[in-house]
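Asker: structure of the sequence below:
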Amino acid sequence: MKRVLVLCTGNSCRSQMAHGYLKLFAGDKAEVYSAGVETHGLNPKAVHFMKEDGVDISSHTSNHVDEYANISFDFVITVCDNANERCPVFPSTAKKFHYNFPDPSKVSGTEEEIAGAFRKTRGMIKEYCQKFVAENL
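Answerer: Alright, predicted model coming up:
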């Protein structure tokens, strides 16, 4: 079984969404982990908008990348430029992937505008995860 780490800045939103979709699409082909170069706690809006698409991430926790230092990953996916730049070096042969998804938690405006940002990012992450699983697992 392959091991996949999704890495973001605070492990609160984008990496959590990717974690949820990768777990869904990979099934028993992979163990999926997510972490941040910092920890910001699980974003309640990420939980809400993932549940809206039938994926429950409410039991996820916000973890620091150092917690996984002893795990040999096959793949490390960074989902924001900050994490990509600050990504620690793993003592493994992990294949690295990067995609800078927009951060919906930084959007301000009406509830509709914020919801639209979360749905747009969620859709981008879902599509990316489906493609990643199809091509790599």
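Asker: what ranges do the strands span in this structure?
Answerer: Applying DSSP state E to the chain gives strands spanning 2-8, 30-36, 75-78, 95-98.
Asker: quick one, the first one and strand 30-36 angle?
Answerer: Okay, so that is strand 2-8. Computed by axes from the mean of the first three to the mean of the last three C-alpha atoms, to 10 degrees, the angle separating strand 2-8 from strand 30-36 equals 20 degrees.
Asker: what pairs with strand 2-8, parallel or antiparallel?
Answerer: Using DSSP bridges, strand 2-8 pairs in its sheet with strand 30-36 (parallel), strand 75-78 (parallel).
Asker: ok, and what's touching that strand?
Answerer: 14-15, 18-19, 22, 26, 29-37, 65, 68, 71-80, 83, 87, 94, 136-137 (C-beta atoms under 8 Å, 6 or more residues apart in numbering). C-beta here means a position set from N, CA and C on the backbone, and glycine is covered the same way.
Asker: of those, keep whichever come out buried.
Answerer: 14-15, 18-19, 22, 26, 30, 32-37, 65, 68, 73-80, 83, 87, 94, 136-137 (16 or more other C-beta atoms under 10 Å).
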